[in-house]
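Enquirer: With the input below, show me the fold.
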Amino acid sequence: MASKKTNKQLPSQPSQPEQPKQTLLAIKPKRVEEPIAEPPAEPSAEPPAEPPVQEVQVLADVKVLPPEEVKEKPITVKPKPIKRLVTPPIPTKADLQPPSPTEADLQPSSPTEADLQPSDQNKSDTEVDPSAQTHNAIFQAVGIITGIVKFNPEGKATVAIQGKDYPLYYSPNHRKAFDALRLQAKKNPDKVERLIVYPRVMHFPKRDQHYQMSFQLLGFESPHTTEGISKELGDFEFRLCGLWQFIPVCQTPCISVFKNFTGERLEYIKQAEPDKKVRFMKASHIPIIWRDAPVRPFRFNPKLDKEQQGHSLFVEVLARFLPQSDVFGFIRIIKEPGKAPKFLKAGKKDKAEALKTKLALANKGSIKKKSWIKPKQKDSGLQPSPPE
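Expert: Residues are numbered from 1 along each chain as shown. Below you'll find the model as predicted:
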């Protein structure tokens, strides 16, 4: 007989307080690459343990913001300039040949009669100016004059320009030109000659004493002359290249033309005596009227230090000789003012030694020598021969 099982009621247990509900957030695991399938292992008696579920507690009022988008900035790459190779032009035979010398070249390297102008400079003197720049510029003063040339019985020459007679000199290097001019003036004494000359100006220590103007002959124009400086310059036009400055013995500013520097001249200066050295390096100070000059002529100020003095600028101008006032007038600028090329200049020590030598020779010449008295000869009846 089947017995009926009755559901036994369990005794009532005491009620517990309700716990706060917790929300479970499932985190999706990252995708893991599946490993290479291995052969299944043998089944074990125990079932595999399930991984525990991670519980994450979510805080109240927490908002999860989406990740910010990263803005990519475009990068611009500046291309580098391409350097192009420039091949220099191939020089021709005409470029390799040196220029032929002309009559406008410099004064001869040996000391001549052209070096008679005194160099009155109060600045510090050096034989060679090392700070000067080297370029094609040179110290130069050459031009054209026209007039009637006359020779006196002693062989000295003068040139008449607008009623004034100016002394005309020559150097040993141009003796042939001087002799040829003498023959031409003898054949045509009233002919107006066109002469290529250097200007020579003699200044004196006293300020009230006016300077003297003269010229040194380089050559003269003939009917066969087709080129050269006589064709480049007009009558009474001069090319003046030198230092633009005042000198103490002249109230008119001058262009000072010094000796250009060469190795041969430097060797001669080192071996020459002081008086010859100073005479060789004397400069020619040519007065010129230049009213609208771009730079002022340098003037030495004894009250200033050497560093505050400044320096003279090198100018190259075209000027005209004005016989009525014995001065040169500015026409135009050949090249902008700048630094001077290397030049030679007498130093103070050499000037002092040359002055001592000059004074010693002057004192020696002023002493009268005892005249030698020739003894009387007996009268032999013969007459003395006439003096040769």
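
Enquirer: Low-confidence regions, the protein specifically.
Expert: Low-confidence segments of the chain, defined by pLDDT under 70: 1-135, 226, 365-388.

Enquirer: Apply 80 and report the result again.
Expert: 1-136, 207, 223-227, 362, 364-388 (pLDDT under 80).

Enquirer: And the strands in it?
Expert: Ranges of strands in the chain, per DSSP state E, are 140-151, 157-161, 164-169, 192-202, 212-220, 237-245, 254-257, 259-260, 284-289, 313-322, 327-338, 343-344.

Enquirer: Take these and write them to a markdown table, including mean neighbour count and distance to residue 301.
Expert: (Glycine included, C-beta is placed from N, CA and C.) Output for these, formatted as a markdown table (neighbours: other Cβ atoms under 10 Å; distance: least, Cβ to Cβ, whole Å):
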| stretch | mean neighbour count | distance to residue 301 |
| --- | --- | --- |
| strand 140-151 | 20 | 27 |
| strand 157-161 | 19 | 37 |
| strand 164-169 | 17 | 35 |
| strand 192-202 | 20 | 24 |
| strand 212-220 | 20 | 28 |
| strand 237-245 | 22 | 12 |
| strand 254-257 | 26 | 17 |
| strand 259-260 | 21 | 26 |
| strand 284-289 | 23 | 19 |
| strand 313-322 | 21 | 16 |
| strand 327-338 | 15 | 20 |
| strand 343-344 | 22 | 23 |
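
Enquirer: Quickly list what the nearest residue to residue 254 once chain neighbours are set aside is bridged to.
Expert: Leaving aside its sequence neighbours, residue 254 sits nearest to residue 285 (Cβ to Cβ, 6 or more residues apart in numbering; 4.1 Å). Beta-bridge partners recorded for residue 285 (DSSP bridges): residue 256.

Enquirer: these two touch, right, residue 285 and residue 201?
Expert: Yes: taking Cβ atoms under 8 Å as the definition, residue 285 is a contact partner of residue 201 at 6.1 Å.

Enquirer: how far away is the residue nearest to residue 254 from residue 270?
Expert: Going from residue 285 to residue 270 by Cβ to Cβ, to the nearest Å gives 26 Å.

Enquirer: now residue 151
Expert: 39 Å.

Enquirer: do residue 293 as well
Expert: 37 Å.

Enquirer: of the two, who's got more company?
Expert: residue 293 (17 against 9; other Cβ atoms under 10 Å).

Enquirer: which residues does the nearest residue to the more buried one once chain neighbours are set aside bridge with?
Expert: In space, residue 293 comes closest to residue 244 once its chain neighbours are excluded; the distance is 7.1 Å by Cβ to Cβ, 6+ apart. Counting by DSSP bridges, residue 244 forms beta bridges with residue 255, residue 313.
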